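Student: Dropping a prediction and its sequence here:
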Amino acid sequence: MADVLTFTDRGIYCPAGDFYIDPWQPVDRALITHGHSDHARPGMGRYLATTGTAPVMRHRLGEITLDTISYGEERQIGDATVSFHPAGHVPGSAQIRVEVKGQVWVVSGDYKTVADGLSEPFEPVKCHAFITECTFGLPIFKWTPQDVLTNQINDWWATNAAAGRTSILGAYALGKAQRLLATVNPDIGPILTHGAIENTNEVLRNQGITLPKTTYATADITAKTHPGALVLATPSALGTTWTRRFGPASTAFASGWMALRGVRRRRAADRGFIVSDHADWDGLNEAIKATGATKVFATHGYTSAFQRWLKEQGYDAHVVSTDYHGESLDNAEEAEA
């Protein structure tokens, strides 16, 4: 029996439905797992995404031909039946299930298995073949529990505020920033945001997602006007004149990469918080096991090492080449994290 999905130089392709999933080259029909720019790119003829992903896509891509689908809703496209299921990565993110002649393949997109109080929680989807990310596919990557993380960030912010320092926290504009906003204690002080983050906040608030009050950090806002503030900045803004105007400050970076020794120094941060919107080692293994799949394809991350591990566990495991970035330290603005 022919494979339900194939891997091409344009993206993950379904011959039975004549569509692509998260393509990185222009195609006629694209099914999109979520709104980060390495998965939702411009130039497609038609898009299909969840109702929760659509507003961010329109915000980022402008005028596009976009159809929406609800979680669990089945859609017949050619000879393929597709449905979208929560991935837990960012609000609206989805795994895409594709069934052709009784064979079920699932594309994970990016995902995490820990509920964050913001995104729709990850739901395992039974399948024969699972196409998975493995951004953090090494045993060293294990995330800080959500309650511990909340206390760490609030204590750091409160300590800085009491000492007259601004707290500058680097976070990606879609997903990570809002997840952190949902966990911090706004009673500690004002919360200021970089423009890219505030614009995304507005999109998500318009979808009904509750976030604490934030203030867009325009040029006239400084440490004097907002003492003791928490400043949420995009990673590319850290260490620039944009952040230096906040005077004496403690800088932190929130990323899964903070689990690696030396990365915090590379980021010139005083503090690192180990948190990601991707699955850690345990999450990856638990998710794959829950699918019941016997065949697994690793698309981006520590693919070779993770493939070897999966083979040792008895899976028919493969590495495929894609143009997804996952949580990158160098592609700071859009590789999320």
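Tutor: Perfect, I can see it now. All figures in this text were calculated on a predicted structure; none of them were measured in a lab.

Student: Quick check: which ranges of the stretch 1-150 of the chain have low pLDDT?
Tutor: 1 (pLDDT under 70).

Student: mind listing the helices for it?
Tutor: Counting by DSSP state H, counting those that start in this stretch, the stretch 1-150 of the chain has helices at residues 54-61, 146-162.

Student: what would the ones you listed look like in a markdown table with mean neighbour count and distance to Glu286?
Tutor: Where you see a C-beta, it was placed from the backbone N, CA and C, and this is true even at glycine. A markdown table is the format used below for the helices of the stretch 1-150 of the chain (neighbours: other C-beta atoms under 10 Å; distance: least, C-beta to C-beta, whole Å):
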| stretch | mean neighbour count | distance to Glu286 |
| --- | --- | --- |
| helix 54-61 | 20 | 27 |
| helix 146-162 | 16 | 16 |
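
Student: can you list the ones you listed in a markdown table and add distance to Ala290?
Tutor: Converted to a markdown table, the helices of the stretch 1-150 of the chain look like this (distance: least, C-beta to C-beta, whole Å):
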| stretch | distance to Ala290 |
| --- | --- |
| helix 54-61 | 27 |
| helix 146-162 | 20 |
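
Student: out of those, nearest to Ser321?
Tutor: Smallest distance to Ser321 across the helices of the stretch 1-150 of the chain (C-beta to C-beta): 24.5 Å, for helix 54-61.

Student: Quickly list the domain ranges of this protein.
Tutor: Residue ranges for the domains of the chain, per automatic domain parsing: 6-140+277-319, 146-273.

Student: Using CSV, lay out those domains together with distance to Glu327.
Tutor: Conversion of the domains of the chain to CSV gives the following (distance: least, C-beta to C-beta, whole Å):
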stretch, distance to Glu327
domain 6-140+277-319, 5
domain 146-273, 6
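
Student: Most tightly packed of those?
Tutor: domain 6-140+277-319 (a mean of 20; mean count of other C-beta atoms under 10 Å).

Student: bridging residues for the closest residue in space to Ser321 that isn't next to it in sequence?
Tutor: Sequence neighbours aside, Phe7 is the residue nearest to Ser321 in space, at 7.3 Å (criterion: C-beta to C-beta, 6 or more residues apart in numbering). Per DSSP bridges, the residues bridged to Phe7 are Ile12.

Student: per-residue confidence for Gly326?
Tutor: On the pLDDT scale, Gly326 is placed at 72.

Student: cool, and the one 10 residues further on?
Tutor: pLDDT recorded at Glu336 is 44.

Student: Show me the strands in the stretch 101-250 of the chain, by range?
Tutor: Secondary structure of the stretch 101-250 of the chain (DSSP state E, counting those that start in this stretch): strands located at 103-107, 129-134, 166-170, 191-193, 215-216, 230-233, 249-254.

Student: Reformat these into a markdown table and put distance to Ala94 next to each item.
Tutor: Listed next are these as a markdown table, based on distance: least, C-beta to C-beta, whole Å:
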| stretch | distance to Ala94 |
| --- | --- |
| strand 103-107 | 9 |
| strand 129-134 | 13 |
| strand 166-170 | 27 |
| strand 191-193 | 27 |
| strand 215-216 | 30 |
| strand 230-233 | 26 |
| strand 249-254 | 24 |
